[in-house]
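Visitor: what follows is a predicted protein model with its sequence.
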Amino acid sequence: MTVLSINVNKIALLRNSRGRDFPNVVNFVEQALQLGVKGITVHPRPDERHITRQDVFDISDHLTAYSDVEFNIEGYPSEQFLDLVCSVKPAQATLVPDAPGQLTSDHGWDVAANEDLLSDVLERLRDSSIRSSLFIDPSVAAIEQVPAVKADRVELYTEEYAASFGTSQEGEVFNRYFMAATRATELGIGLNAGHDLDLVNLPRFLKIPNILEVSIGHALVVESLQYGMSCVIEKYLAITRV
């Protein structure tokens, strides 16, 4: 079984576009939990253009009543981000190599080039009893760099898989993800995945063994506009429970 973690950034973006607390992010989180979701993800950025620091605290407080739900905070490991994470102490912190003004995540870590930074940050997370995950590209070589910094998990960046889905390149691209995931399992590294996964392409992706968690936000919001939130979450849960 794979944990479905819903990224609620787009809910916060919608709220911020009107200058009111509507939709309320915590209320949306609660609706998702009532439908059976066991993971919530946020990616607070320095400009707070969607999830704010206060949202992080509010969601964390709300989740104290749900011991079986994991809170995942994503972001670039700046001092500000690390202070927030270590204050909140989520189940997991996912480190991404984003520039401050970046629209969305678009590549994984070059672990070897950032070994000193990542080693220090991951040690700090371990000291705070926070599970770590590194956003990583789907290559065996990239996976083999991870043990040097002692990350608990990797999150496979799945944009390339999503872009290739339904094309002549799908098989070759899927195979690269499969090989990278297999190598991670051999090295004892936990596997997460995320970025542009949706109801159509997720079933095949989960043919890859040992995917512990998928993070889905943008697609889920769009699909909910089309089919309704309850229906969409029910479909995702059915896919991830296989």
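Guide: Sure thing, it's come through. These figures come from a predicted structure and were not determined experimentally.

Visitor: need the contact list for the most centrally placed residue in the chain.
Guide: By CA atoms, centre = their mean, the chain has its centre lying nearest to Ser215, at 4.2 Å. Residues in contact with Ser215 (CB atoms under 8 Å, 6 or more residues apart in numbering) are 5-7, 39, 41, 72, 74, 94, 155, 192-195. To be clear about C-beta, it is placed using only N, CA and C from the backbone, and glycine gets the same treatment.

Visitor: among the residues you listed, which one sits closest to His50?
Guide: Comparing the contacts of Ser215 against His50 with CB to CB places Asn7 closest, at 9.8 Å.

Visitor: which residues in this structure form helices?
Guide: 9-16, 25-34, 53-63, 79-88, 115-127, 140-145, 159-164, 170-186, 202-205, 218-227, 229-240 (DSSP state H).

Visitor: indicate which one of those is closest to Pro46.
Guide: Closest approach to Pro46 among these (CB to CB): helix 79-88, 6.9 Å.

Visitor: what helices or strands is that closest one leaning on?
Guide: helix 53-63, strand 70-75, helix 115-127 (3 or more CB pairs under 8 Å, 6 or more residues apart in numbering; DSSP states H and E).

Visitor: could I get the buried residue list for that helix?
Guide: Phe81, Leu82, Leu84, Val85, Val88 (16 or more other CB atoms under 10 Å).

Visitor: again, but for stretch 147-165
Guide: Of all the residues in stretch 147-165, those buried under the rule 16+ other CB under 10 Å are 149, 151-162, 164-165.

Visitor: what would the buried residues of helix 79-88 look like in a markdown table with distance to Phe178?
Guide: Below are the buried residues of helix 79-88 laid out as a markdown table (distance: CB to CB, whole Å):
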| residue | distance to Phe178 |
| --- | --- |
| Phe81 | 32 |
| Leu82 | 33 |
| Leu84 | 35 |
| Val85 | 31 |
| Val88 | 34 |
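
Visitor: can you list the low-confidence ranges for the protein?
Guide: Low-confidence segments of the chain (pLDDT under 70): 99-106.

Visitor: related to what we said a few turns ago, from the buried residues of helix 79-88, which is closest to Ala32?
Guide: Val88 (18.7 Å).

Visitor: for the residue lying closest to the closest one once chain neighbours are set aside, give me its contacts.
Guide: Nearest residue to Val88 in three dimensions, chain neighbours excluded: Ser60, at 4.7 Å (CB to CB, 6 or more residues apart in numbering). Residues in contact with Ser60, defined by CB under 8 Å, 6+ apart, are Phe71, Val88, Pro90.

Visitor: number of residues surrounding the last one?
Guide: So the one you mean is Pro90. 24 (other CB atoms under 10 Å).
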